[in-house]
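S.K.: Build me a model:
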Amino acid sequence: MLLRPRADGVPAAGKIKMARSSKPRKACANCTTDDYARLRRGYCERCYPLSMRIEKLRAWERSRPETTPKGIPTWGRGGRLITDNYTEERFESLRQSCIQQLESRLDLLRRRERIRRYELPVPGYCLEQKLGELLSLVLRRRAEYSRIAYFLTETFTDEQRRIIYALLEQIVEQVPWRGINFSYDPPDPE
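M.R.: From the prediction side, this is the model:
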């Protein structure tokens, strides 16, 4: 972290501002973007935390509390995990659900980048879904809106739909991902 420069423009003592590298960034191992800084293991700053959470969830064993990943909800003041009273089957179902949600997020980031790179077309229904997603983010709830996929397909060319999609995507990406939905209550196995 850099300290603020003094009034004469000289950096604060002991801190030297490093120039950014002119080397092009390498692509992320997951989403293939080079727009974000790479952290570790070849992943960008968006994909790395997700891949690490998946790794920690896969290694999570109830019999070994030290493997419990951070962010698992607890009950009350005692700090007991929500999974403490789960059967093995129910615990495994919740763990797999969490992994699936994170993998879906990684897939979404990969898909977004493929659309930006013109590797995937943007049909009208994808644009319709993106408009619905934006509306839900603005209203903070599921909203009803007109289904206009056919209109979007007939009115805009593929290139225009791609541009609109990319612009909407930039807006949607400004809203932080809410993370794993732990409210999923897996059914009890019979």
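
S.K.: which helices and strands sit right next to the worst-scoring helix or strand of the chain on mean pLDDT?
M.R.: Lowest mean confidence among the helices and strands of the chain (mean pLDDT, DSSP states H and E): strand 74-75, at a mean of 76. Applying 3 or more C-beta pairs under 8 Å, 6 or more residues apart in numbering; DSSP states H and E, we find strand 74-75 packed against strand 80-81. Yep, even glycine has a C-beta here, placed from its N, CA and C like the rest.

S.K.: on contacts alone, who are the packing partners of the strand it packs on?
M.R.: Counting contacts by 3+ C-beta pairs under 8 Å, 6+ apart, strand 80-81 packs against strand 74-75.

S.K.: Just give me how far the least confident helix or strand of the chain sits from the chain centre.
M.R.: Distance of strand 74-75 from the chain centroid (C-alpha atoms, centre = their mean, to the nearest Å) equals 25 Å.

S.K.: Starting from that strand, tell me which strands it pairs with and how they run.
M.R.: Next to strand 74-75 in the sheet, as set by DSSP bridges, lie strand 80-81 (antiparallel).

S.K.: tell me the average confidence for the helix or strand containing L152?
M.R.: Per DSSP states H and E, L152 falls inside helix 149-155. What helix 149-155 shows for mean pLDDT is 89.

S.K.: could you say what helices and strands that helix packs with?
M.R.: Short answer (3+ C-beta pairs under 8 Å, 6+ apart): helix 149-155 packs on helix 124-139.

S.K.: what's in contact with the helix it packs on?
M.R.: 142-143, 145, 147-154, 156, 161, 164-165, 168-169, 171-172, 175 (C-beta atoms under 8 Å, 6 or more residues apart in numbering).

S.K.: residues in contact with P73?
M.R.: Neighbours of P73 in contact, by C-beta under 8 Å, 6+ apart: L81, I82, F182.

S.K.: how is this protein carved up into domains?
M.R.: 45-120, 122-173 (automatic domain parsing).

S.K.: Start and end of stretch 80-92, how far apart?
M.R.: Chord length of stretch 80-92, first to last residue, is 18 Å (C-alpha to C-alpha, to the nearest Å).

S.K.: quick one: pLDDT of P186?
M.R.: Reported pLDDT for P186: 51.

S.K.: just the buried members of the contacts of helix 124-139?
M.R.: L152, T153, F156, R161, I164, Y165, L168, E169 (16 or more other C-beta atoms under 10 Å).

S.K.: hmm, back to that, can you put the domains of the chain in a markdown table and add distance to K26?
M.R.: Below are the domains of the chain laid out as a markdown table (distance: least, C-beta to C-beta, whole Å):
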| stretch | distance to K26 |
| --- | --- |
| domain 45-120 | 13 |
| domain 122-173 | 21 |
